[in-house]
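Only the shape, not the letters, is given here:
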């Protein structure tokens, strides 16, 4: 089962039909994805299930329905166990960004975290879950596929938000602050943290 978010509403790719109030089921093979996105954005519908036969092929089929944008990001921890957060568009988020040129997804993730926060000395510890969300640019829907990595850094210098990217704050948040920040974050970030 894979979840793709439209804002914070889920599109669940599955081989099982489920019945819930405020959820709709569609066949993946015949669904008009634009209509589903519009319905999620403009109604009280809480989510959608796209049903297919072969669980292993659902994501591949879905990704053919929209242009794909690849990104990398990091859940960065310091020696105290604090997590590095950015504040953008009035929400707490983790640093991430699009792949440039021929760089690997790991290189993208490290570069983006450093550019967006000024944190250096980053080391990748392990890969985390990949997230998927649909957004609209220049009148077209696209799907952003973000590969996440848990990272460590002993950096204790000045945190600098990359204002050109709309980031207004960068902060190390302790566990209690993280819980509070996640109340004003995105569903895919809550999955990672």
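On my side now, so go ahead. Just so it is clear, the model here is predicted, and its values are computed rather than measured. Numbering: from 1, shown residues only.

can you tell me the helix or strand for the closest residue to residue 71 other than its chain neighbours?
Leaving aside its sequence neighbours, residue 71 sits nearest to residue 146 (Cβ to Cβ, 6 or more residues apart in numbering; 4.4 Å). The C-beta positions use only the backbone N, C-alpha and C, and glycine is treated the same way. Element membership for residue 146, per DSSP states H and E: strand 140-152.

Setting aside sequence neighbours, what's the nearest residue to residue 100?
For residue 100, ignoring the flanking residues on the chain, the nearest one in space by Cβ to Cβ, 6+ apart is residue 108 at 6.9 Å.

Can you list the strands that the helix or strand residue 49 falls within pairs with?
Assessed by DSSP H and E, residue 49 sits inside strand 47-51. Counting by DSSP bridges, the strands paired with strand 47-51 are strand 9-14 (parallel), strand 23-27 (parallel).

okay if I get those strands as a markdown table plus mean neighbour count, distance to residue 43 and mean pLDDT?
Shown next, in a markdown table, are the strands paired with strand 47-51 (neighbours: other Cβ atoms under 10 Å; distance: least, Cβ to Cβ, whole Å; pLDDT from 0 to 100):
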| stretch | mean neighbour count | distance to residue 43 | mean pLDDT |
| --- | --- | --- | --- |
| strand 9-14 | 20 | 10 | 96 |
| strand 23-27 | 15 | 10 | 93 |
